[in-house]
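Engineer: Requesting a structural model of the entry that follows:
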Amino acid sequence: MSYIYGLQCGAFIKIGRAENIGKRLRDLRLGNPHPITIVLRRRHPRAALVERLMHRILREEAVGREWFRISPADARMVAAHAIEKVNERLAQEQAWLASNAARLRTRQSPRPSKQKVVESVETMRNSAIGLILFG
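Structural biologist: Take a look at the predicted model:
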């Protein structure tokens, strides 16, 4: 499970995701003379989706691809909102899967039962084509 993070450097906050925030922070500090601090750290099973939604919400504040001119409080508020929306979507998907599980399982069975094959052959024998084929 990945993290959503917000890293502040001066007036900007980088919104991203990573398995290891400490390593990501070390990578960004390398060659950067400005201090970088963690202002947001949230673990989520669909971190990529949360990050994408946060970027979309904050696009008006973007400075580059992943850096935004926002406050740490705004970053936390947008993260909470994005996580709530993603969780709602996940709940809808799980409810749909649960309500359609039986139907989906029956679709996965490619081989008809022996009874269905026998019924199909009987139907064919009783039809006009069956009369031609079977006499």
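
Engineer: Could you check what's spatially nearest to residue 18, not counting adjacent residues?
Structural biologist: Taking Cβ to Cβ, 6 or more residues apart in numbering, and ignoring the residues beside it in sequence, residue 18 has residue 24 as its nearest neighbour in space, at 4.2 Å. In this view, the C-beta of every residue, glycine as well, is placed from N, C-alpha and C.

Engineer: Tell me who's in contact with that neighbour.
Structural biologist: Residue 24 sits next to 5, 7, 16, 18 when contact means Cβ atoms under 8 Å, 6 or more residues apart in numbering.

Engineer: Give the bridge partners for the third one, please.
Structural biologist: Residue 16 has these beta-bridge partners by DSSP bridges: residue 5.

Engineer: Count the neighbours of it for me.
Structural biologist: Other residues lying near residue 16 total 21 when counted by other Cβ atoms under 10 Å.

Engineer: elements contacting the lengthiest helix in the chain?
Structural biologist: Using DSSP state H, we find that the single longest helix of the chain is helix 72-107. Applying 3 or more Cβ pairs under 8 Å, 6 or more residues apart in numbering; DSSP states H and E, one finds that helix 72-107 contacts strand 2-9, strand 12-18, strand 37-44, helix 47-57.
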